[in-house]
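Visitor: Model the following, please.
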Amino acid sequence: MKKKGITFNEVSESDAKDFLQKNNYYMKLAAYRSNYEKCPTGKRAGQYKKLDFGYLKELSTIDMYLRYIIIDMCSVWVFVELISFGDLLYFCSFYEEVYAVQIVNNTLMNTVRDVRNVAAHSNCLLNKMTERIDPTKQVNSDISNFVKGMSDISKTSRVNNLNYKFANSFVTLLYVYDGLMAEGSKQKRYKELQEFMNGRVIKNKSYFKSNSKIVGVYNFHKKVIDNLAK
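Guide: Have a look, this model is predicted:
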């Protein structure tokens, strides 16, 4: 890590070794470095800019808490513990064919399924926050209009963020959740997300203040959640 320019100011080397031995493993933790740029030239060419081990550790911890929330938001299919999420979608399609009533848009639910699988299998959600969706694909119009109606979110912010894979997936989850859940349940969950964004996520905000990409992603999602929690 030191050869790659990663410092150990916020977390000592010995504490970092202890953390990797007991709480996480190297390749998974190192995945979060994708959110940081490398020096293009000079003595530090190829090394990461302003990246401390503590920042990687913090991102992995925030990611863990986010996965717990996502699993809670997607766990409805356990009404029969033998079926998979995919089988739940097939059941919804069958219902639509028989009764001509659409429970949920299957295209959007495929995205929810993917997010749920990442969370359930303890894979990283925040390792590539600004990775873009396939350029051949367009943002779903329902998702775009969902955010378009929210206050304090500019068109530029909406377009940019919804073209990031993470934001697109997470906002899709919020959109589907908002359409399916009862008002009381929704507001309880939105308040939980709001407390998460205003609390644990910014506990060590000084770690990320120089990373405009991370700050931008945070601000966008905070505005979305604040609008839903009104």
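
Visitor: Skipping its backbone neighbours, what lies nearest residue 218 in space?
Guide: residue 201 (6.9 Å; C-beta to C-beta, 6 or more residues apart in numbering). (Each C-beta comes from the backbone N, C-alpha and C, glycine too.)

Visitor: Okay, now the unreliable bits of this structure?
Guide: Within the chain, the stretches with pLDDT under 70 are 76-81.

Visitor: before we move on, back to that, count of neighbours near the residue nearest to residue 218?
Guide: 20 (other C-beta atoms under 10 Å).

Visitor: now do residue 147
Guide: Neighbours of residue 147 under the rule other C-beta under 10 Å: 23.

Visitor: One more: residue 64?
Guide: Close neighbours of residue 64, defined as other C-beta under 10 Å, add up to 16.

Visitor: neighbouring contacts of the helix or strand where it lies?
Guide: With secondary structure defined by DSSP states H and E, residue 64 is part of helix 53-73. Defining contact as C-beta atoms under 8 Å, 6 or more residues apart in numbering, one finds that helix 53-73 is touched by 1, 6-11, 16, 19, 24, 28-30, 32-33, 35-36, 115-116, 118-120, 122, 124-127, 170, 173, 177, 189, 192-193, 196, 200-201, 203-204, 207-208.

Visitor: Same question for stretch 213-225.
Guide: By C-beta under 8 Å, 6+ apart, stretch 213-225 touches 35, 129-130, 147, 150, 152-153, 157, 160-161, 164, 166-167, 170-171, 174, 190, 193-194, 197-198, 201-202, 208-209.
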